[in-house]
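K.L.:
test case, fold it:
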Amino acid sequence: MTDFQMSLIAAGGVFVVAVISYNKWQEYKARKSVERAFATDHDDVLMRADGGTPVPTNTPVPTNTPVARQEPMLDLGTMAGATEPVLEPASAPPITPATSSPIEDTGEPAAPAIAIPTPATPPSELADRLVDPLIDCLIPLNLEGAVRGDKILPVLQTLRLVGSKPIHYIGLAVSGDWEPITHGGVYTKLQAGVQMATRTTALNEIEYSDLVTRLRVVADEIGAEPEVPDMIDVMAEARTLHRFVAGHDAQLGVNLLANSQPWAISTLIGALENQGFDVRPDGRFSMPDGEGGVLFTLTTNVTLGADTTSRLTLLLDVPCVAPARDGFGAMVACARSLVARLDATIVDDSDQPLLDPALSDINGQVLEFYQEMEASDIPAGSNRAMRLFS
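P.N.:
Predicted coordinates for the structure are as follows:
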């Protein structure tokens, strides 16, 4: 048998395998379509738009007149007049919102899910907390028809994280509002959002490729077709957003130095609790803000097994505390109270006394920092800031 004949036989074998594989794939797609179409054999009241008329699965559900979502813009300036080295956020270029397909929203504008909502928070606002066009890459998931939340939630739960970046989903309910997907909801459109940056890293090519691959599997399971944004555009936005985060990752600290003998940890714990601090498992102390959050923290600068310490450090995570709470002022006031209680001196990291003029200068820098974040549409202490700096 000649080489030519062997080549023809091999080519024929490859062709037959390809045809069989293609037929198997078509059979699988058809089976999934039938399963979705006949998932239930009775009229489900959850699929009714008005409580009486069933929602057809092959026709769009009427909604209110769409209102175009206004995506915010970041306009970063530089901190003028910053003379104190304690607070030096790096400068960063302007950030523009994600170029992925915008949400066809009929509700109010929105944000993510780090801030704890109140029971009265509207569903549209909760949706905006979850999927935010300024800090998330938006991926529309076009459905074949209306779907119930209880049917798709188990599938969506399988893809909640890529690398260290959280993924959230919202749905366009039959009421016409975007909302978090719930077991009792019925949705005609879905939207996935992956956060493009965290405090440590930006969304990278490997993570994005993994997201797209896994999201296609999820979309096939729920009968949806994803509109995937171009990787080059997403990567550029992710890097720009991370530069902003890195340039505004500011933490301010003031130290208390014992004037005489070191403090006994056992005695110190009681004094700090009386001051209002909560003890954390890692040995740090946190000052609550009164609404379930943290205003600033305190560390003893020694290991958990140590008996004494001569130095305490109060630390303010600046971008995570809203200006209205005056975190720096509250931290300095606490330090001054502890000075009298513990016989200590307020010092900087070089053990040089921090006098009132220096503290006033630092406070001025903090106010400028807050103004810059506000101008960038990521106000300190906001849901966006809490997501990015968590």
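K.L.:
okay, stretch 300-318 in PDB with CA atoms only?
P.N.:
Provided in PDB are the C-alpha atoms of stretch 300-318 (Å, rounded to 0.1, in the frame of the first residue of the first chain):
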ATOM      1  CA  THR A 300       0.100  46.700  70.300                       C
ATOM      2  CA  ASN A 301       3.000  46.100  68.000                       C
ATOM      3  CA  VAL A 302       3.900  42.800  69.800                       C
ATOM      4  CA  THR A 303       2.900  39.200  69.300                       C
ATOM      5  CA  LEU A 304      -0.100  37.700  71.000                       C
ATOM      6  CA  GLY A 305       2.000  35.900  73.600                       C
ATOM      7  CA  ALA A 306       3.800  39.100  74.800                       C
ATOM      8  CA  ASP A 307       3.300  40.300  78.300                       C
ATOM      9  CA  THR A 308       4.100  44.000  77.800                       C
ATOM     10  CA  THR A 309       4.400  46.700  75.100                       C
ATOM     11  CA  SER A 310       5.700  50.300  75.200                       C
ATOM     12  CA  ARG A 311       4.200  51.300  71.800                       C
ATOM     13  CA  LEU A 312       0.700  51.500  70.400                       C
ATOM     14  CA  THR A 313      -0.200  52.400  66.900                       C
ATOM     15  CA  LEU A 314      -3.600  53.800  65.800                       C
ATOM     16  CA  LEU A 315      -4.300  53.300  62.100                       C
ATOM     17  CA  LEU A 316      -6.900  55.000  59.800                       C
ATOM     18  CA  ASP A 317      -7.700  53.300  56.500                       C
ATOM     19  CA  VAL A 318      -8.400  56.600  54.800                       C
END
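K.L.:
and the contacts of it?
P.N.:
87, 250-258, 262-266, 268, 283, 294-299, 327-328, 331, 334-335, 338, 342, 344, 366, 369, 380, 389 (Cβ atoms under 8 Å, 6 or more residues apart in numbering). All C-beta spots, glycine's among them, are computed from the backbone N, C-alpha and C.
K.L.:
and it, average pLDDT?
P.N.:
Regarding stretch 300-318, the rounded mean pLDDT is 93.
K.L.:
what pairs with the biggest strand by length in the chain, and is each one parallel or antiparallel?
P.N.:
Counting residues, the longest strand found in the chain (DSSP state E) is strand 136-148. Strand pairing for strand 136-148, using DSSP bridges, gives strand 186-195 (antiparallel), strand 224-226 (antiparallel).
K.L.:
any idea which of these is most buried?
P.N.:
Ranked by mean neighbour count under mean count of other Cβ atoms under 10 Å, these are led by strand 186-195, which reaches a mean of 24.
K.L.:
give me the buried positions along the next helix or strand after that one.
P.N.:
Next along the chain after strand 186-195, taking DSSP states H and E as the criterion, comes helix 205-222. For helix 205-222, the buried set under the neighbour-count rule, 16 or more other Cβ atoms under 10 Å, comprises 207-208, 211-212, 215, 218-219, 221-222.
K.L.:
dump the residues you listed to CSV, plus distance to Gly290 and pLDDT.
P.N.:
Formatted as CSV, these follow (distance: Cβ to Cβ, whole Å; pLDDT from 0 to 100):
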residue, distance to Gly290, pLDDT
Glu207, 37, 97
Tyr208, 40, 97
Leu211, 38, 97
Val212, 43, 96
Leu215, 40, 97
Val218, 40, 96
Ala219, 43, 96
Glu221, 44, 95
Ile222, 42, 95
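K.L.:
tell me the one of these nearest Gly176?
P.N.:
Closest to Gly176 out of those is Ile222 (21.0 Å), distances taken as Cβ to Cβ.
K.L.:
would you check that the closest one makes contact with Val155?
P.N.:
Yes - taking contacts as Cβ atoms under 8 Å, Ile222 lies within contact range of Val155: 5.3 Å.
K.L.:
closest one to Asp177 among the strands paired with strand 136-148?
P.N.:
strand 186-195 (10.6 Å).
K.L.:
pull that closest one out as CSV, backbone CA atoms only.
P.N.:
Only the C-alpha atoms of strand 186-195 are listed here, as CSV (Å, rounded to 0.1, in the frame of the first residue of the first chain):
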residue,chain,number,x,y,z
VAL,A,186,-38.6,36.1,36.9
TYR,A,187,-36.1,37.7,34.5
THR,A,188,-35.9,38.5,30.8
LYS,A,189,-32.3,39.6,30.7
LEU,A,190,-29.2,39.0,32.9
GLN,A,191,-26.0,40.9,33.4
ALA,A,192,-22.7,39.6,34.9
GLY,A,193,-20.1,41.9,36.3
VAL,A,194,-16.5,41.1,37.3
GLN,A,195,-14.6,43.6,39.4
